[in-house]
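Colleague: Okay, predicted coordinates and the sequence, questions at the end:
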Amino acid sequence: MLLKELCSLCAPSGCEDEARRFIIEKIRAEVPEAEITVDTMGGVIAHKRGEGKKVMVAAHIDEVGFIVSGFTDDGFVRFKTVGGIMTTVLVSKKVLLGEKKVPGIIGSKAVHLQSREERKKPASMKELYIDIGAKDKAEAEKLLSLGDYGVFAGEYTEFGDGLVKSRALDDRAGCAVMLELMKKTYKNDMYFAFTVQEEVGLRGAIIAARRIEPDLALVLEGTTCNDVHGAKPHQTVTKLGGGAVMTAMDSAAVSDRRYFEMIKEVAEREGIPLQIKRTGAGGTDAGSIQRSGAGVKTAVLAVPCRYIHSPVSVMSKRDLESLGRLAEAVLREIERREF
Amino acid sequence: MEIKEILQRLDAPLGVSGHEEEIRAAISALFAEYCGEVRTDALGSVIGTLRCGRENAPVMMIEAHQDELGLMVSGITDEGSLRFLTIGGFDPKTLPGTEVTVHAEGGPLFGVIGATPPHLVKGPAKGPEISDMAVDIGFDKEKSERLVRVGDIITINTGFTELSGSAVAARCIDDRGGLAVVVRALELASRLKLGCDIVAVAAVQEELGLRGARTAAAGIEADAAIVIDVCHGTSPGVGDNAFPLGKGVVVSVGPNLHPKLTRGILDAAKESGLDVQIDVDGGDTGTDAWEVQVAGTGVPTALLSVPLRYMHADYEVGDANDMETAARLIAAYILGFKGGEQLCY
């Protein structure tokens, strides 16, 4: 299954080689007519020539992760996070580091040894480290180097009522949808951009959009879903199983209103479940694409992900299917309509 | 059998305190490889006997606990998630972002303990509290209520992981590491010409207050006992009351431990060239040794500990070489064990 394969790839921002290799191979095998360019940051742009408007579809291949920042004399690995990870999900998690996928455990003081004050406080980055079992610094340095990247360990798992658990659903879900969309034939001049470094500031999309200079863009994402125990109704953001999600506004971009209304209309007409994201927090590549060159009309469609940016993000396969159907219907509508 | 192999065989079977069925079967099978008799006592502790063949031979008990921490379903929320309580001393900080298995009547269910993403957290983060957490099994309330019952056991999903060198990471090396030492010591002793019988014990319900060891020891009435558990390993920020991994087994001294038995073990370590570190405990060692010492009319007791980092976290990290050292030390001491006068004050 495509999503499962995509989720098995380790590609923290700045080290997307595994994902890039996989995606290029996949495009070559299944969409041989696409012209592939790899840009200066490692983003992959696949061009399917057409006569009409220049349309950019984007999904990011990177994910949140870790980077090795030092070694202690007794062989422990100091690290920094790459992208937004709460320290609350770090303690006692298994991680894989470097190209050789060296296993390690994020260690912290045992509960018995914590003072009453320490027990009340969340873990802080300065007291966390990764334990790879090395006896000393020299042994650790044989296995890892400064700047090696890492990700949470963990397998893609299907469970519950048609749900999927994995790390990196944000945004392998978008990549999966885009790889399927690419196989179709379009009238417009289509650019499919697999961007890098979204998680560290929507960076890869900046240069991808400048290279493509699109007339219109559609961003495919994994987005926040907080419809869980303990959240107040106004904090839920989206509902799992409630269909694809469209963003009206987040911290990085305001969607083009006519484009936004058109997508709503398409979803209604096609009977595809669509919900509007109910928070202004977070940002996507749309923020970079919209402000590129002389400006680009953008919209963001996403699949809701519970516990996003944690080792156990969760999405619904039905929502992913809704996202795929809606994205295709929107690309068809763009072929027919002027803006 | 190598320590790592034994640990791996003991990793998959579950044994939350009071629900030790799986681990009991696994440890019974391992004991049976070296012991002529294997039985289970009223509380569920597994007891294997390796006889030396001499009549009225003294009895040496070697003991570790088989149970582990776990969670229990305490309710179902409107969203269909499961509220839970803890069995044993958990650190709430280890739980957000964790995969779990709910052991429901109709079969195991996969679930996750979620966490609020950074995008939605405002202000300084709070320390996580168990009462705010829930297990998401991906079903709505109605379906969850059909599948899960209050009282069902939940365990954390982890996997036995070899780290650099002889270090290993796994769930509950506390005290599967101790059990691995017992099994390996049985194997080593079974090749020796012994002057005593060995009774190996895998006790239940240690994490709930040393309960299984008390009844097991009372039933056995051994001449002496060696308890094997874990102690804190050193790591950044943890130096006091902790011992480095890979530097040998830790032998405890203090009122909980029999001075002559302990002295004999330290002498055996010296003669055999085995690395030991000394832990000084002013009273309660917090291990089964505390109960074994006063079981029945009393049992001379010694305590060996394997240094362990992140005790009671989802993953604990220990060193297989330290466990091997512990097993060799037990075998070395038992070879000369005669009981009686040897342990008299």
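Modeller: Yep, that arrived.
Colleague: excluding its backbone neighbours, what's nearest the closest residue to chain B within the stretch 51-200 of chain A?
Modeller: Nearest to chain B in the stretch 51-200 of chain A, going by C-beta to the nearest C-beta, is residue A:160, at a distance of 1.5 Å. For glycine as for every other residue, the C-beta is placed from the backbone atoms N, C-alpha and C. Nearest residue to residue A:160 in three dimensions, chain neighbours excluded: residue B:138, at 1.5 Å (C-beta to C-beta, 6 or more residues apart in numbering or on different chains).
Colleague: How is the chain partitioned into domains?
Modeller: Just so you know, I chose chain A. A:2-63+A:167-336, A:65-152 (automatic domain parsing).
Colleague: try again with chain B
Modeller: B:3-68+B:171-343, B:70-156.
Colleague: got TSV for the ones you listed, with distance to residue A:300, mean pLDDT and mean neighbour count too?
Modeller: Output for the domains of chain B, formatted as TSV (distance: least, C-beta to C-beta, whole Å; pLDDT from 0 to 100; neighbours: other C-beta atoms under 10 Å in any protein chain shown):
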stretch	distance to residue A:300	mean pLDDT	mean neighbour count
domain B:3-68+B:171-343	35	95	21
domain B:70-156	14	92	19
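Colleague: Reformat those as a markdown table; add distance to residue A:250.
Modeller: Output for these, formatted as a markdown table (distance: least, C-beta to C-beta, whole Å):
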| stretch | distance to residue A:250 |
| --- | --- |
| domain B:3-68+B:171-343 | 33 |
| domain B:70-156 | 9 |
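Colleague: pLDDT-wise, which helix or strand of chain A ranks last?
Modeller: Sorted by mean pLDDT, DSSP states H and E, the helices and strands of chain A end with helix A:116-120, the least confident at a mean of 89.
Colleague: Quick one: list the elements packing against it.
Modeller: Counting contacts by 3 or more C-beta pairs under 8 Å, 6 or more residues apart in numbering or on different chains; DSSP states H and E, helix A:116-120 packs against no other helix or strand.
Colleague: which ones are touching the residue lying closest to residue A:34 once chain neighbours are set aside?
Modeller: Leaving aside its sequence neighbours, residue A:34 sits nearest to residue A:46 (C-beta to C-beta, 6+ apart; 4.1 Å). Residues near residue A:46 by C-beta atoms under 8 Å, 6 or more residues apart in numbering or on different chains: A:27, A:31, A:34-37, A:182, A:191-194.
Colleague: Could you list which of the residues you listed belong to helices?
Modeller: residue A:27 (DSSP state H).
Colleague: From the contacts of residue A:46, list the buried ones, please.
Modeller: A:27, A:31, A:34, A:182, A:191-194 (16 or more other C-beta atoms under 10 Å in any protein chain shown).
Colleague: what helix or strand is residue B:42 on?
Modeller: Assigned by DSSP states H and E, residue B:42 belongs to neither a helix nor a strand.
Colleague: Is it correct that it is in contact with residue B:214?
Modeller: No - the pair residue B:42 / residue B:214 is not scored as a contact, 11.7 Å apart, by C-beta atoms under 8 Å.
Colleague: Identify, by residue count, the longest helix of the chain.
Modeller: Because you didn't say which chain, this covers chain A. helix A:317-336.
Colleague: wrong chain, I was asking about chain B
Modeller: helix B:173-190.
Colleague: got the contact list for the closest residue to chain A within the stretch 51-200 of chain B?
Modeller: With C-beta to the nearest C-beta as the measure, residue B:138 is the residue of the stretch 51-200 of chain B nearest to chain A, at 1.5 Å. Neighbouring residues of residue B:138 by C-beta under 8 Å, 6+ apart: A:159-163, A:314, B:110-111.
Colleague: what does residue A:51 give?
Modeller: With C-beta under 8 Å, 6+ apart, residue A:51 has these contacts: A:187-189.
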